[in-house]
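S.K.: take this sequence and fold it.
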Amino acid sequence: MYPPSANNKHSSNSSSDSDTTSSSAQTSIPFVARCWLTIYERIPEVNVPFTNNNFNISFTLLSALFLTGCRLGAEYILVKYFGWPAGATPTKEAAASCGSISHSIILCSGLIVAFATQEFDFVAKIDSLCTTSKNNKWWKKFADALLQFCTGYMIYDTMINVLWIRWNPTVSLLTFEFTDDDILFLSHHAMTSFYMISVRVIGAGHQSAMICMLLGELTNPLHNMHFIGEFASQTDCCYSADAQRLHYGITVAFAGMYGLFRVFIAPPFFASVTYSLLLTKRGRTNVPLPLNIFWNFLIWGVCFGSASWISKSHQIVMEFLAAQQQMMGQQEL
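M.R.: Numbers count the residues shown, from 1 in each chain. The predicted model follows:
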């Protein structure tokens, strides 16, 4: 036992050391991660019932609410400042694309920082990964925030941009006029939400989900800018000659990037995830085999499910190259 004065001095030094360590750790956290963590740590927990207060969804709900605000704000701006027709389907669809762009930019900025500050390990248990890492004080929360944010987007997009837009109460309260793309979107959202939620439940495989999120979302801003151009073409007010040229440039850029990521960049990463999950003992141990197999089904299902858009992108690029070649031929003449 320390004498009273010595004991007090020891406590003071420990507190000082702790504060210094905390301050040092705080300054080592990248700015983007600090922004995420500031919000994540300050909102009250909302736990799913019957989970022993062990499955927090507060950031998921906040994210869905935030993205709903982005979408409604975008619709207001399109109508008030750009002259889009109020209440028209193209306006609602364009606003939904604005919400999707916001989600992708925010999410990808976080994912890039997350991967830059942690070693690659697609099958690690999150507690083990963060215990052996210098980032153990914050990376676990950061990863959880990213997964919850993306899950919140899936909830928002399903409720606001599919069910609400396709709802036709004039027929009956349960009538939804879905398109073929809507069914694809709903299936995609259900599968990806299950993946992200199950990752959080078992506490392993976080980076396997995060790499799919990153590679899937990086081309999303261009994709939705292309969609906004398509919706603008359906109006009488918002598709001038300059807008048409801009839309064409964005469409070609999107097609090139989409094909690059979906055909050449993403599949090798997905193959690495499959190898780590299924063909290593550690992967089969950390992720139960039935869930392990289902995750791989989801990964490759979404990958091959993009075949129609890969085909469209290829056609757009080929038409662009043919047009450029024709222009060059005419100039030579």
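
S.K.: tell me which helix or strand comes right after the helix or strand of the chain at the bottom of the mean pLDDT ranking.
M.R.: Ranking every helix and strand in the chain by mean pLDDT, DSSP states H and E puts helix 4-28 at the bottom, with a mean of 45. Moving toward the C-terminus from helix 4-28, the next helix or strand (DSSP states H and E) is helix 31-42.

S.K.: and that next one, which residues are buried?
M.R.: Buried positions in helix 31-42, judged by neighbour count with 16 or more other CB atoms under 10 Å: Val32, Ala33, Trp36, Leu37, Tyr40. In this view, the C-beta of every residue, glycine as well, is placed from N, C-alpha and C.

S.K.: what would those residues look like in JSON lines with pLDDT?
M.R.: Listed next are those as JSON lines, based on pLDDT from 0 to 100:
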{"residue": "Val32", "pLDDT": "97"}
{"residue": "Ala33", "pLDDT": "97"}
{"residue": "Trp36", "pLDDT": "98"}
{"residue": "Leu37", "pLDDT": "97"}
{"residue": "Tyr40", "pLDDT": "97"}
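
S.K.: between those, which is nearest His103?
M.R.: Comparing the buried residues of helix 31-42 against His103 with CB to CB places Trp36 closest, at 13.7 Å.

S.K.: identify the residues contacting the closest one.
M.R.: Gly110, Phe142, Ala145, Leu146 (CB atoms under 8 Å, 6 or more residues apart in numbering).

S.K.: quick check: the gap between the nearest residue to the third one once chain neighbours are set aside and Ser28.
M.R.: Counting by CB to CB, 6 or more residues apart in numbering, the nearest residue to Ala145 once its immediate chain neighbours are dropped is Tyr40, at 4.3 Å. Computed as CB to CB, to the nearest Å, the Tyr40 to Ser28 distance reads 18 Å.

S.K.: just Pro268 next, same as before
M.R.: 31 Å.

S.K.: where in this structure is pLDDT low?
M.R.: Within the chain, the stretches with pLDDT under 70 are 1-27, 132-136, 332-333.

S.K.: gap between Tyr156 and Tyr81?
M.R.: 23 Å.

S.K.: between those two, tell me which one has more neighbours.
M.R.: Using other CB atoms under 10 Å, the more surrounded residue of Tyr156 and Tyr81 is Tyr156, with 26 against 8.

S.K.: next up, the contacts around the more buried one.
M.R.: So Tyr156 contacts Ser63, Ala64, Leu65, Leu67, Thr68, Arg71, Gly99 (CB under 8 Å, 6+ apart).

S.K.: does it lie in a helix or a strand, and which?
M.R.: helix 139-156.

S.K.: packing partners of the helix or strand that that helix is followed by?
M.R.: Next along the chain after helix 139-156, taking DSSP H and E as the criterion, comes helix 165-166. Applying 3 or more CB pairs under 8 Å, 6 or more residues apart in numbering; DSSP states H and E, we find helix 165-166 packed against helix 89-116.

S.K.: got the angle between the helix it packs on and helix 31-42?
M.R.: 100 degrees (axes from the mean of the first three to the mean of the last three CA atoms, to 10 degrees).

S.K.: buried residues of helix 89-116, list them for me.
M.R.: Neighbour-count burial for helix 89-116 [16+ other CB under 10 Å]: 90-104, 106-108, 110-111, 113-114.

S.K.: hmm, who's touching the very next helix or strand once past that helix?
M.R.: As assigned by DSSP H and E, the chain's next helix or strand after helix 89-116 is helix 126-131. When contacts are defined by CB under 8 Å, 6+ apart, helix 126-131 is touched by residues Gln118, Glu119, Asp121, Asn136, Trp139, Lys140, Ala143, Gly203, Ala204, His206.

S.K.: quick one on the thing from earlier: what's near enough to touch the residue nearest to Ala145?
M.R.: Phe59, Lys141, Phe142, Asp144, Ala145.

S.K.: now, which of the residues you listed sits nearest Phe194?
M.R.: Once CB to CB is applied, the member of those that ends up nearest Phe194 is Asp144, at 16.6 Å.

S.K.: residues touching the closest one, list them.
M.R.: Tyr40, Phe59, Arg200.

S.K.: wait, which of the residues you listed is closest to Asn161?
M.R.: Nearest member of those to Asn161, counting by CB to CB, is Phe59, at 20.3 Å.

S.K.: so which strand or helix has the closest one?
M.R.: helix 58-82.

S.K.: angle of that helix against helix 89-116?
M.R.: Using the same axes, to 10 degrees: helix 58-82 against helix 89-116 is 130 degrees.

S.K.: still on that earlier bit, are any of the contacts of helix 126-131 buried, and which?
M.R.: Neighbour counting with 16+ other CB under 10 Å marks Gln118, Asp121, Trp139, Lys140, Ala143, Gly203, Ala204, His206 as buried within those.
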